[in-house]
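K.L.:
model this:
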Amino acid sequence: VQLQASGGGLVQAGGSLRLSCAASGGTFSIYDMAWLRQAPGKQRELVAVVLWRSGFISYADSVKGRFTISRDNAKYTVYLQMNSLKPEDTAVYYCAARTGPNGVYDHWGQGTLVTVSS
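P.N.:
You can find the predicted model right below:
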């Protein structure tokens, strides 16, 4: 599975951005897709995940009510709509996929930088 992420950039606090992640190759094997982020000097954080078949969604507490993950099954694309952005949301955002519920995320897109200015 290959993942292509896009949509990062610079935004002021309170603004919005939408990230996209398109999957290709072996997409029939996807169990779930997720957005993770890593800020400088911090551990990688799971931001949001969507189960591909059921559509079940889960968010990190830090983004609940502000971020929305969605998927387009026909396009094998996952989106992350980020609203009310805060400076602490500044990070490199990665999309990732895995092919089973108990495995690690073993397919990764390139990171996309989101910078939120105060």
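K.L.:
what ranges do the strands span in the protein?
P.N.:
2-6, 9-12, 17-24, 32-38, 45-51, 57-59, 67-72, 77-82, 91-98, 107-108, 112-117 (DSSP state E).
K.L.:
report the contact partners of Thr27.
P.N.:
By Cβ atoms under 8 Å, 6 or more residues apart in numbering, the contact set of Thr27 is 1, 76. For every residue, glycine as well, the C-beta is placed using N, CA and C.
K.L.:
same question, Leu19
P.N.:
Counting by Cβ under 8 Å, 6+ apart, the residues that Leu19 touches are 5-8, 35, 79-80, 82, 93, 95, 112, 114.
K.L.:
write down the beta-bridge partners of it, one by one.
P.N.:
Counting by DSSP bridges, Leu19 is bridged to Leu80.
K.L.:
tell me the centre residue of the chain?
P.N.:
Trp35 (2.2 Å; Cα atoms, centre = their mean).
K.L.:
pLDDT score for that one?
P.N.:
You'll see Trp35 listed with a pLDDT of 98.
K.L.:
that one and Ser118, how far apart?
P.N.:
23 Å (Cβ to Cβ, to the nearest Å).
K.L.:
now the contacts of Leu19 in a markdown table, with distance to Pro101?
P.N.:
Below are those laid out as a markdown table (distance: Cβ to Cβ, whole Å):
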| residue | distance to Pro101 |
| --- | --- |
| Ala5 | 23 |
| Ser6 | 27 |
| Gly7 | 27 |
| Gly8 | 29 |
| Trp35 | 18 |
| Tyr79 | 22 |
| Leu80 | 21 |
| Met82 | 26 |
| Tyr93 | 23 |
| Cys95 | 18 |
| Thr112 | 26 |
| Val114 | 28 |
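K.L.:
which one (most neighbours) among those?
P.N.:
Highest neighbour count within the contacts of Leu19: Cys95, with 30 neighbours (other Cβ atoms under 10 Å).
K.L.:
which residues touch the nearest residue to that one once chain neighbours are set aside?
P.N.:
In this structure, Cys95 finds its nearest non-sequential neighbour in Cys21, 3.3 Å apart by Cβ to Cβ, 6 or more residues apart in numbering. Contacts for Cys21 (Cβ under 8 Å, 6+ apart) come out as 3-6, 33, 35, 77-80, 95, 109.
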